[in-house]
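> just coords:
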């Protein structure tokens, strides 16, 4: 029995941002499992079975991966970005805990990737160069009052904030509420970055003050970063640079 | 004039965690600039000048890189991890702002890398699988009361927390104070990970409850991650898995 499972991070989109560790694991895998658009990023080859599944079936997908590994398969569960940040690694471990005892002793590894907030930050400059937090704005798995509480405390701590899943078709109103809370806590002049489809041909970046931010500036492919009170813009002939200085005062 | 500057992230240590984008930039660079141990990770070759400098001269190093690029050099400023997370990218933009006007229009890019907290999280399981924050515990560039305030607010928000620079020879007492605050805010049973030299041959990982955490468990090569109230351990015959479920309740 030489089966294994890796949760592998494909990064934000460009092949040049996939680590050699992940590329090697994909080259050795017998099975690749994941959400349809992520599996589509893995090249088909003889001996490789691709299992693409729809969104919101993370636990089923994780259990499927573990069952295959228990049969001796070499399984890569793929996520965009980093599997440990609002992606498949936690779902995999939830399935381990809920599953048969022998799944615990499978060879399971998490292979990190370039997560969306760091790819977006790099393209804009360095808005996460000082203390920051990462919040999933989806209320699928947590109640809205907890999201609101975290937004207010993070603003009071003067963190820069990176928001994953800012807006989806099923809950279009949440992001607008988040923007209203941020305006209240951080003021109208606080800078906000909308970074869409980073590292792909469709990439767009936009930085505006909160006063000009509207909910429709984000969609499911957008990473949103709100600066701290210290975050600033360097104007120049090209796109401006958004960054947070290292010093707090 | 074809000069450029990239702030390139070398990841936590293993070559397999360096992105092809960064490897390509290093292959094209005429000059590599950085802190001594990071420059030592770049292979010497004909046509490449290595400029290794001591710690705590980030602004001088950044200005040097920009001045070389303005002369037409192809300059890679190297950081471990991700240059945008408590590393050289912010210093580079501080130097741009403070420097001559024509530096603003240089070709400057940030090339993301695998940052220490995500490498450490991946090795331990998925402790950052739900909302989290990243705090630099060094008080070189910010006053201790601000660090304390951020620790308390982050604990009240029930974020998992990743700590960079937990402890150095010049300020050995800060991390002990941070642990005392965390015990007060999060309780004695909250889980804490000490991940040292991740992805290198010297890697060690240790997870204990806060009641058993002591300041000497961290040094300058240690990444510290404190779980949220939901973070849990899966016991098994090998090292336990530390992870935070996706759901908040």
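Nice, thanks for sending it over. Keep in mind that what you see is a predicted model, and the values were worked out from it rather than measured.
> could I get the full set of strands for chain A?
A:4-9, A:31-35, A:49-53, A:74-79, A:107-111, A:125-126, A:132-136, A:160-164, A:191-196, A:204-209, A:222-226, A:232-234, A:241-243 (DSSP state E).
> would JSON lines of those strands with mean neighbour count, distance to chain B and mean pLDDT be doable?
The C-beta positions use only the backbone N, C-alpha and C, and glycine is treated the same way. Formatted as JSON lines, those follow (neighbours: other C-beta atoms under 10 Å in any protein chain shown; distance: least, C-beta to the nearest C-beta, whole Å; pLDDT from 0 to 100):
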{"stretch": "strand A:4-9", "mean neighbour count": "29", "distance to chain B": "8", "mean pLDDT": "98"}
{"stretch": "strand A:31-35", "mean neighbour count": "24", "distance to chain B": "14", "mean pLDDT": "97"}
{"stretch": "strand A:49-53", "mean neighbour count": "15", "distance to chain B": "16", "mean pLDDT": "96"}
{"stretch": "strand A:74-79", "mean neighbour count": "27", "distance to chain B": "11", "mean pLDDT": "98"}
{"stretch": "strand A:107-111", "mean neighbour count": "22", "distance to chain B": "4", "mean pLDDT": "98"}
{"stretch": "strand A:125-126", "mean neighbour count": "30", "distance to chain B": "4", "mean pLDDT": "98"}
{"stretch": "strand A:132-136", "mean neighbour count": "27", "distance to chain B": "4", "mean pLDDT": "97"}
{"stretch": "strand A:160-164", "mean neighbour count": "25", "distance to chain B": "9", "mean pLDDT": "98"}
{"stretch": "strand A:191-196", "mean neighbour count": "24", "distance to chain B": "12", "mean pLDDT": "98"}
{"stretch": "strand A:204-209", "mean neighbour count": "16", "distance to chain B": "13", "mean pLDDT": "98"}
{"stretch": "strand A:222-226", "mean neighbour count": "26", "distance to chain B": "11", "mean pLDDT": "98"}
{"stretch": "strand A:232-234", "mean neighbour count": "17", "distance to chain B": "6", "mean pLDDT": "98"}
{"stretch": "strand A:241-243", "mean neighbour count": "26", "distance to chain B": "4", "mean pLDDT": "98"}
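> which parts of chain A belong to which domain?
Residue ranges for the domains of chain A, per automatic domain parsing: A:4-114, A:117-243.
> the first one: end-to-end distance?
One end of domain A:4-114 sits 23 Å from the other (C-alpha to C-alpha, to the nearest Å).
> looking at the domains of chain A, which is nearest to residue B:101?
Closest of the domains of chain A to residue B:101 is domain A:117-243, at 9.1 Å (criterion: C-beta to C-beta).
> and stretch A:36-55, end to end?
Terminal residues of stretch A:36-55 are spaced 8 Å apart (C-alpha to C-alpha).
> show me what contacts the residue lying closest to residue A:88 once chain neighbours are set aside?
Distances taken as C-beta to C-beta, 6 or more residues apart in numbering or on different chains put residue A:79 closest to residue A:88, at 4.6 Å, once the chain neighbours are dropped. Neighbour list for residue A:79: A:7-10, A:34-35, A:38, A:87-89, A:113 [criterion: C-beta atoms under 8 Å, 6 or more residues apart in numbering or on different chains].
> now do residue A:128
Residue A:128 is in contact with A:117-118, A:121, A:160, A:162, A:225, A:244, B:84-85, B:134, counting by C-beta under 8 Å, 6+ apart.
> how about 7 Å then?
When contacts are counted by C-beta atoms under 7 Å, 6 or more residues apart in numbering or on different chains, residue A:128 touches A:117, A:121, A:160, A:162, A:225, A:244, B:84-85.
> just residue A:177 next, same as before
Per C-beta under 7 Å, 6+ apart, neighbours of residue A:177: none.
> for chain A, which spans come out with low pLDDT?
Within chain A, the stretches with pLDDT under 70 are A:1, A:169-170, A:249.
> now the helices for it?
A:20-28, A:36-39, A:58-70, A:88-98, A:116-124, A:144-156, A:173-186 (DSSP state H).
> what would the ones you listed look like in a markdown table with distance to residue B:248?
Listed next are those as a markdown table, based on distance: least, C-beta to C-beta, whole Å:
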| stretch | distance to residue B:248 |
| --- | --- |
| helix A:20-28 | 29 |
| helix A:36-39 | 24 |
| helix A:58-70 | 15 |
| helix A:88-98 | 12 |
| helix A:116-124 | 19 |
| helix A:144-156 | 6 |
| helix A:173-186 | 15 |
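> tell me the most buried of those?
Stretch with highest mean neighbour count among the helices of chain A: helix A:116-124 (a mean of 28; mean count of other C-beta atoms under 10 Å in any protein chain shown).
> and that one, how far out from the chain middle?
Helix A:116-124 sits 11 Å away from the centroid of its parent chain (C-alpha atoms, centre = their mean, to the nearest Å).
> quick check: angle from it to helix B:116-124?
Calculated by axes from the mean of the first three to the mean of the last three C-alpha atoms, to 10 degrees, helix A:116-124 forms an angle of 150 degrees with helix B:116-124.
> what about helix A:116-124, near chain B?
Yes - remark: helix A:116-124 sits within contact range of chain B at A:118-119, A:121-122, by C-beta under 7 Å from any C-beta of the partner chain.
> ok, now which ones touch the closest residue to residue A:186 other than its chain neighbours?
Among residues not flanking residue A:186 along the chain, residue A:155 sits closest, at 5.3 Å (C-beta to C-beta, 6+ apart). Counting by C-beta under 7 Å, 6+ apart, residue A:155 makes contact with A:182, A:185-186.
> got it, and residue A:208?
By C-beta under 7 Å, 6+ apart, the contact set of residue A:208 is residue A:192.
> that one pairs with what?
residue A:192 (DSSP bridges).
> beta-bridge partners for residue A:241, please?
Per DSSP bridges, the residues bridged to residue A:241 are residue A:234.
> quick one, what contacts it?
The contact partners of residue A:241, taken as C-beta under 7 Å, 6+ apart, are A:125, A:233-234, B:93.
> and which of those is nearest to residue A:199?
Distances from residue A:199 to these, taken by C-beta to C-beta, are shortest for residue A:125, at 15.5 Å.
> out of the helices of chain A, flag the one nearest residue B:198.
Of all those, it is helix A:20-28 that lies closest to residue B:198, at 12.7 Å by C-beta to C-beta.
> and the residues of helix A:116-124 next to chain B as CSV, adding distance to residue B:107?
Output for these, formatted as CSV (distance: C-beta to C-beta, whole Å):
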residue, distance to residue B:107
A:118, 21
A:119, 19
A:121, 18
A:122, 14
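> sorry, back to before: which two of the contacts of residue A:241 have the greatest separation?
It's A:233 and B:93 that sit farthest apart of those, by C-beta to C-beta, at 10.2 Å.
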